[in-house]
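Chemist: Pasted the sequence and its predicted model underneath.
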Amino acid sequence: MTATTVVIGVGPGLGMSIAHRFGREGHAIALISRNASRHAGYIASLASAGIEATSHPADIRDRDGLLRALDAITARHGAIDVVYYGPGAADPAARPVPITETDVPAAQEAMSWVYPAVDTVRAVLPGMLERGDGGLLFAGGLSSVVPLPAIGNLAISSAALRNYAITLNAELAGRGVYAGTLTIGGLIERGDIHRMFLAEADRLGGLTVGTLDPDVLADAAWDLYKNRDSAETTFNVLT
């Protein structure tokens, strides 16, 4: 029976690289993101590589919408074998709040990206445990492990998501289900933030930031899932 990987927060960078990487391993792919207009292109790209894929538009911060999408995927594909959780910001151009200016609303806004991860795990984990197999993969920022005061409110949510993934890994070890995280410091090529950065290069006064190839990150995600010998892989081209 074909395994199914759900890519939550699919975009043109890492999300699509994850979809192609797991699709090459024979997984059917189910795509979730809020921008439904992009999905036809994503599905066509995967189809051209011989990968079965379905589209399930949903804003992950709409809890009911997210859970409906997961239910639809189960109805279409059967059991969900792997979830990759890597949604981007609602507004890539929005500036994070420095740590000394972070108040409760700013922290709550950042944490709103963590709660859907918990909802997702709660939805898919019982089935994985019953089958004794599955994978939960997350992507978060380097500020979870390296102090980056300028993105203070995002550091709070990044640290929470990383700790959630690693703690899940500790609890699930020996029960057939893997959990792990990619900790990413750098601009992901082909992604929305990278494209915005290139478009505004003149306004940024020649500022340069290291970039990462999403295909390399996707390979790392597959290796985490396949080998299950580590809860985390870190990429850092910032410090």
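Modeler: Happy to help now that I have it.
Chemist: quick one: contacts of stretch 96-115?
Modeler: Contact with stretch 96-115 is made by 60-61, 63, 87, 89, 149-157, 160-161, 164, as judged by C-beta atoms under 8 Å, 6 or more residues apart in numbering. Where you see a C-beta, it was placed from the backbone N, CA and C, and this is true even at glycine.
Chemist: Could you rerun that using 10 Å?
Modeler: By C-beta atoms under 10 Å, 6 or more residues apart in numbering, the residues outside stretch 96-115 that reach it are 9, 60-61, 63, 66, 85, 87-90, 94, 138, 140-141, 143, 147-161, 163-164.
Chemist: ok, and for the helix or strand hosting D219, which residues are buried?
Modeler: For D219, the element it lies in under DSSP states H and E is helix 214-227. Applying a neighbour-count criterion of 16 or more other C-beta atoms under 10 Å, one finds P214, D215, L217, A218, A220, A221, W222, L224, Y225 buried in helix 214-227.
Chemist: what mean pLDDT does that helix have?
Modeler: Helix 214-227 comes out with an average pLDDT of 98.
Chemist: so of the contacts of stretch 96-115, which ones are in strands?
Modeler: Using DSSP state E, Y85, F138, G140, G141 are the members of the contacts of stretch 96-115 that sit in strands.
Chemist: In helices, which of the contacts of stretch 96-115 fall?
Modeler: Judged by DSSP state H, the subset of the contacts of stretch 96-115 located in helices is 63, 66, 152-161, 163-164.
Chemist: Narrow those residues to those that are buried.
Modeler: L66, G152, N153, L154, A155, I156, S157, S158, A159, A160, L161, Y164.
Chemist: Tell me which two in the residues you listed are the farthest apart.
Modeler: Put simply, by C-beta to C-beta the two of these set farthest apart are L66 and G152, 26.9 Å from each other.
Chemist: List the residues that contact A72.
Modeler: The contact partners of A72, taken as C-beta under 10 Å, 6+ apart, are A30, I32, T54, H56, A58.
Chemist: If you rank those residues by neighbours, which is first?
Modeler: Neighbour counts for the contacts of A72 peak at I32, which has 30 neighbours (criterion: other C-beta atoms under 10 Å).
Chemist: can the ones in helices among the contacts of stretch 96-115 go into CSV with extra columns for pLDDT and distance to T120?
Modeler: Converted to CSV, these look like this (pLDDT from 0 to 100; distance: C-beta to C-beta, whole Å):
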residue, pLDDT, distance to T120
R63, 96, 10
L66, 97, 7
G152, 89, 26
N153, 92, 22
L154, 93, 20
A155, 94, 22
I156, 96, 20
S157, 95, 15
S158, 95, 17
A159, 97, 19
A160, 97, 15
L161, 97, 12
N163, 98, 16
Y164, 98, 11
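Chemist: what's the distance between the most centrally placed residue in the chain and A117?
Modeler: Centroid-nearest residue in the chain, with C-alpha atoms, centre = their mean: G86, separated by 1.3 Å. According to C-beta to C-beta, to the nearest Å, G86 stands 10 Å off from A117.
Chemist: Quickly list what's touching both of those two.
Modeler: Shared contacts of G86 and A117, defined by C-beta under 10 Å, 6+ apart, are found at I8, F138, G140, L161.
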